[in-house]
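*Asks:* Task: produce atomic coordinates for the following.
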Amino acid sequence: MRNFKHVGRILNTGRRCIVVFREIPGEEDHCLVVDTDSLPDRYHDNIMEGVESITAQEANNFYEYAQRQMFGDGSNMLTTLHTSGWLKKHPTWNIVMTPNPNQEIKLTDLNRMIREQQGAPPLDPPKQAEPQVKPDQSYDEKKFRARDLIAQADLLAADVERLKNEAYVLDPSLKPKTTNKKTTAKKQTVSEKKTEPAVASQ
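*Replies:* Numbers count the residues shown, from 1 in each chain. The predicted model follows:
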């Protein structure tokens, strides 16, 4: 039976996923995954074909493959996953890797083994014990979704500012002109004085 890297399951929902970033730089106890069950069919099929490819299986992280691959519509795979809001942040203890139907390994354990093999220093122990999460455990989906939307909005806002700045560098004339509020207010006051009706002297 062939094993596949990068595939797993989200423990608190039981949904299948692809682990795109095993660790987030600076937040090594968190990862970024794609809930494959939520993807539109055409993107789901493309990404699953990609995961099973030799190139993806040779990569330590799926993002290394995705950043240079295209979906069927010609869009960059990693960029589309990000801009479409399909990349979700999870604590590593909430993800279990499933290389085949008969094998499971917690992502925290996998990351620790890889760090040991690479000679990297171990991570600091978590401040709190990992919660025991079961696939059927109830959770507040609205709160999860709300946090995801806020995170997506922050990422998109940063992209908007970056793209605008790049555009202004290419064509400075596109940059909005700032108006001096004090000068504008002063002009309005002068204009109002000019339009005041003259009071006849008694």
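
*Asks:* C-alpha only now, for contacts and for neighbours.
*Replies:* OK.

*Asks:* Poorly predicted segments of this structure, please.
*Replies:* Along the chain, segments meeting pLDDT under 70 span 1, 120-149, 151-156, 158-159, 178-202.

*Asks:* ok, so what distance separates the nearest residue to residue 44 once chain neighbours are set aside from residue 19?
*Replies:* Nearest-residue entry for residue 44: residue 36, 6.2 Å, with adjacent residues in sequence omitted and distances by CA to CA, 6 or more residues apart in numbering. For residue 36, the distance to residue 19 equals 10 Å [CA to CA, to the nearest Å].

*Asks:* More neighbours: which of the two?
*Replies:* residue 19 (28 against 21; other CA atoms under 10 Å).

*Asks:* Provide a list of residues in contact with that one.
*Replies:* For residue 19, the contacting residues are 6, 7, 8, 31, 32, 33, 34, 61, 62, by CA atoms under 8 Å, 6 or more residues apart in numbering.

*Asks:* Name all residues that make contact with the nearest residue in space to residue 30 that is not next to it in sequence.
*Replies:* Closest residue to residue 30 apart from its sequence neighbours, by CA to CA, 6+ apart: residue 91 at 4.2 Å. Listed by CA under 8 Å, 6+ apart, the contact set of residue 91 reads 29, 30, 31.

*Asks:* is it possible to export these to CSV including secondary structure, neighbour count and distance to residue 52?
*Replies:* Listed next are the contacts of residue 91 as CSV, based on DSSP: H, G, I helix; E, B strand; the rest coil; neighbours: other CA atoms under 10 Å; distance: CA to CA, whole Å:
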residue, secondary structure, neighbour count, distance to residue 52
29, coil, 20, 26
30, strand, 21, 24
31, strand, 24, 21
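
*Asks:* now those residues in CSV, with distance to residue 71?
*Replies:* Output for the contacts of residue 91, formatted as CSV (distance: CA to CA, whole Å):
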residue, distance to residue 71
29, 29
30, 26
31, 22
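
*Asks:* List just the nearest of those to residue 83.
*Replies:* Residue 83 has its nearest neighbour among those in residue 31, at 17.2 Å by CA to CA.
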